[in-house]
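*Asks:* I would like the atomic coordinates for the input below:
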Amino acid sequence: MKQILHIFVKDTRRFWPEILISLAIVAALVYAYPHQWTVTVYNMQDPSMDLLGRFEMLSGIFSALVPLGWFVLIARLIHAESLVGDRQNWLTRPYRWPQLLAAKFLFLAIFLYVPLVVAQSILLSEAGIDPLSTLPGMLFNLLLLTGLVVLPTVAIATVTSSFIRMFFVLIAIVIGLAVYAVPASGVGLVDNSVRSLIVQLGRVLSPSHILHSSAQLPTALLLGVISCAVVVLQYARRREWISRMILLGVPVLLGCINLLAPTSALSGQTRLNRDYPPQAVGEPALIDLAIAHPPAVSRWTAKSDMADLFFFLHVSGISSENALKVDQAKLTIQGSDGFQWSGRSIFFSPFSESNRQSYLSVDLPISVYSRLQASPVTLRITLAAEQLHAEKQTSVPLSTQQFTVPDYGVCATAPQRGGATIFSCRSAFREPTLTRTTIEKSEAPCPASQTELMYMGGNEWSGLMNSEPAELGIGPIMFSMFGFEIHQRDMMGKHLCTGAPVTFTQYKAVRHVQTTVTIPNVQLTALR
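*Replies:* Numbering: from 1, shown residues only. Got it, this is the predicted structure:
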C-alpha cells in the first residue's frame, strides 16, 4: 500500500497541469449545462432564444471536451512508465507491476470518476432531482463509461509509446465510428452548420442513444473484459505485439458477432415474422382503420417520376387500457385488374382510445400510380407493432411553476411563439418510460385565481420503451417535451386552466405482433 500511495503522489505532482485542465472542463460543464433548462423562452423574436442556443452549443463543446481531457490525462499517466520499447526505466526501480497498476487506477478513480460523480450530482440537484434517487442510473452510466471509454483508452495507452502515436490511433477510431454511425443515424445528423453539429455532439454525450439499448451493456462488458486482459498482459509481461493484435481483433470480433447473429441469416420477411408473429387465425383485430379524407398525391418535383401518396386515416378498435405502437408498416395496393404494388410506408403512432387520427405516407413510381388510379383499389396495411398495456397512472395539477411527476421527471412550462405553451421535462440518465399525457379541459372560463393556457400542435406521447436504467453519456439530464393539441373548434368552447389535473399514463409492452388491416373500394385522386 505504501508503494501505491508513493506512485500516486508522484503522478499527482507531475501531472497537476493536466489534472487542473480536466477539472476546469468539468467545472465549465457544470456552469453551462443548467442554462439549457433555466433559459426556457423559445420565442424566436426574443433575445433569450439566442442565449439558449449559445448555452446549448457550450454544453455540447464541454461534453465533448470531458472525454478528450480524460484521453490526455490517461495517455500522460500510462506513458509515464512506458510499457513499450526497450527503455522502461521503471523496471530499474523497486516497483512491482501489481502496485504500479493499482496506483494508476487509484489516480483515475480520484481524478476522473470523483469529479464526474460530483458534477453529475450538482447538475441533478440543479435540475430538481435528488441524486440519491438516481444512484442505480448513475452507477450503470459509470459502468458503461468504464467499459466503452475508460478501459479501452487505458488499453490503447499501454500498447503505444508516445502521446502522438496514441493520438493518431484515436483519430483512426473516430473516423471508423463516424463511418459506422453516420449511415445508421440518418441524414439528419449531417448538417452544414457547425453550430448544429456541435449541439448534436453535445446531445450524443448528454446521454443519447449511441448504442441500441439492448446492446449497451453487452458491448461495454465485452470491451471492458478485453481491455482489462490487454492491460494486465502489458503490465505483467509487456508483450505489446500480442496486445496490439488482441485490440485490432476487437472490431473484427464485433463484426463477426453481427454477421453470425441468428437474425443475420434470415430474410427480411422471415425476420419480421419471427420478431412480430402474425395474429392467430380468428383473433380479433387489434386496430380498425378507415379512410377519413380523400387521399392526396403529389410529385416529388416537377420532373420527378416519383410521387408521395398520403392517406388520412380514422383509427378505432383500441380498448381504453391498451395502446398500439407501430414499428414498421407495409402498404399493398391492389387494383381491380389484380395488379398490385407493395412498399414500406410511414405510419404515425402510438395509438390509444383517445388518439383517433393518423396518416400513412408512401413513395411510389408515377407510372404505377397512374395504372392504379384508373379504378377503385383495395388497401392492405400490414403493421409490425408493439401492443402496450397501461401499467401506472399519475395525476398532478397543471401549473405554470416547476412541478415534479413521480417516475417521470421535473417539468416546467416553455412558452412558444404566438402565446402557445408546451412542457419541457427533465429526467435523470434516461428518458422516462413511454408515457401518454392527457388533461381535463374546462367548459367554463378559468376563475380569476387561475391562469388560462393555450396549446398549439403538441404531442401527448413521450418517453421510450427500453428498460435499462441509463444511457451512455457525460451529462446526466435527458429532456422530453409534451403538449396538448387543441383544434380550432375546441378553442372557442373549452379552456385550459392551471390547477386542472394532468394525467400521466405509463405503458409496458405486452407483446410484439403483426396485424393486417384491409380497406376496400378506395378511389385514388388525380395526380397534382
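*Asks:* any idea how far Gly317 is from Arg356?
*Replies:* 10 Å (CB to CB, to the nearest Å). Every residue, glycine included, has its C-beta placed from N, CA and C.
*Asks:* One more: Thr394?
*Replies:* Taking CB to CB as the measure, Thr394 falls 24 Å from Arg356.
*Asks:* what stretches of the stretch 101-250 of the chain score poorly on pLDDT?
*Replies:* Along the stretch 101-250 of the chain, segments meeting pLDDT under 70 span 177-214.
*Asks:* That one: helices as residue ranges?
*Replies:* In the stretch 101-250 of the chain, the helices defined using DSSP state H, counting those that start in this stretch lie at 114-126, 135-145, 151-158, 163-185, 194-204, 213-237, 240-260.
*Asks:* The first one packs against which elements?
*Replies:* Using 3 or more CB pairs under 8 Å, 6 or more residues apart in numbering; DSSP states H and E, the elements in contact with helix 114-126 are helix 16-32, helix 135-145.
*Asks:* Columns distance to Thr516 and mean neighbour count on top of the ones you listed, output as JSON lines?
*Replies:* Converted to JSON lines, the helices and strands packed on helix 114-126 look like this (distance: least, CB to CB, whole Å; neighbours: other CB atoms under 10 Å):
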{"stretch": "helix 16-32", "distance to Thr516": "50", "mean neighbour count": "17"}
{"stretch": "helix 135-145", "distance to Thr516": "39", "mean neighbour count": "19"}
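*Asks:* want to throw those into JSON lines with distance to Gly249?
*Replies:* Listed next are these as JSON lines, based on distance: least, CB to CB, whole Å:
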{"stretch": "helix 16-32", "distance to Gly249": "31"}
{"stretch": "helix 135-145", "distance to Gly249": "22"}
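*Asks:* Ends of stretch 362-373, what's the gap?
*Replies:* One end of stretch 362-373 to the other measures 15 Å (CA to CA, to the nearest Å).
*Asks:* Going by neighbour count, which residues in it are buried?
*Replies:* Of all the residues in stretch 362-373, those buried under the rule 16 or more other CB atoms under 10 Å are Val362, Leu364, Ile366, Val368, Tyr369, Leu372, Gln373.
*Asks:* Filter the residues you listed down to the ones in helices?
*Replies:* Within the buried residues of stretch 362-373, residues falling in helices by DSSP state H are Ile366, Val368, Tyr369, Leu372.
*Asks:* how about those residues, which pair is most distant?
*Replies:* Using CB to CB, the two most remote members of these are Ile366 and Leu372, lying 10.8 Å apart.
*Asks:* wait, what's in contact with the nearest residue to Asp130 once chain neighbours are set aside?
*Replies:* Distances taken as CB to CB, 6 or more residues apart in numbering place Leu124 nearest to Asp130, at 7.4 Å, with adjacent residues excluded. By CB atoms under 8 Å, 6 or more residues apart in numbering, Leu124 lies in contact with Asp130, Pro131, Thr134, Ala428, Pro476, Ile477.
*Asks:* Make a PyMOL selection of whichever of these turn out to be buried.
*Replies:* PyMOL command restricting these to the buried ones, with burial defined by 16+ other CB under 10 Å:
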select buried, resi 131+134+428+476+477
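*Asks:* can you list the contacts of Leu124 in TSV and add distance to Ile61?
*Replies:* What follows is the contacts of Leu124, written out as TSV (distance: CB to CB, whole Å):
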residue	distance to Ile61
Asp130	28
Pro131	25
Thr134	25
Ala428	23
Pro476	18
Ile477	17
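*Asks:* what would the ones in helices among the buried residues of stretch 362-373 look like in a markdown table with pLDDT and distance to Met306?
*Replies:* Conversion of those to a markdown table gives the following (pLDDT from 0 to 100; distance: CB to CB, whole Å):
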| residue | pLDDT | distance to Met306 |
| --- | --- | --- |
| Ile366 | 89 | 7 |
| Val368 | 89 | 10 |
| Tyr369 | 89 | 9 |
| Leu372 | 89 | 14 |
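*Asks:* want to try JSON lines for these, with distance to Asp407 as columns?
*Replies:* Output for those, formatted as JSON lines (distance: CB to CB, whole Å):
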{"residue": "Ile366", "distance to Asp407": "50"}
{"residue": "Val368", "distance to Asp407": "48"}
{"residue": "Tyr369", "distance to Asp407": "47"}
{"residue": "Leu372", "distance to Asp407": "48"}
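*Asks:* Return the member of those residues nearest to Tyr408.
*Replies:* Tyr369 (44.4 Å).
*Asks:* Skipping its backbone neighbours, what lies nearest that closest one in space?
*Replies:* Nearest non-adjacent residue to Tyr369 (CB to CB, 6+ apart): Ala307, at 5.4 Å.
*Asks:* Same check on Val149?
*Replies:* Pro67 is the one closest to Val149 (CB to CB, 6+ apart), at 5.8 Å.
*Asks:* Helix, strand or coil: sort out that neighbour for me.
*Replies:* With DSSP: H, G, I helix; E, B strand; the rest coil as the basis, Pro67 sits in helix.
*Asks:* Could you give the bridge partners of Gly409?
*Replies:* Val405 (DSSP bridges).
*Asks:* can you give me the strands in the stretch 401-528 of the chain?
*Replies:* 403-405, 409-415, 421-428, 435-439, 452-453, 461-462, 477-482, 496-497, 501-522 (DSSP state E, counting those that start in this stretch).
*Asks:* just the ones you listed: most buried one?
*Replies:* Neighbour counts (mean count of other CB atoms under 10 Å) averaged over each of the strands of the stretch 401-528 of the chain peak at strand 421-428, with a mean of 23.
*Asks:* packing partners for that strand?
*Replies:* The contact analysis (3+ CB pairs under 8 Å, 6+ apart) places strand 421-428 against strand 409-415, strand 477-482.
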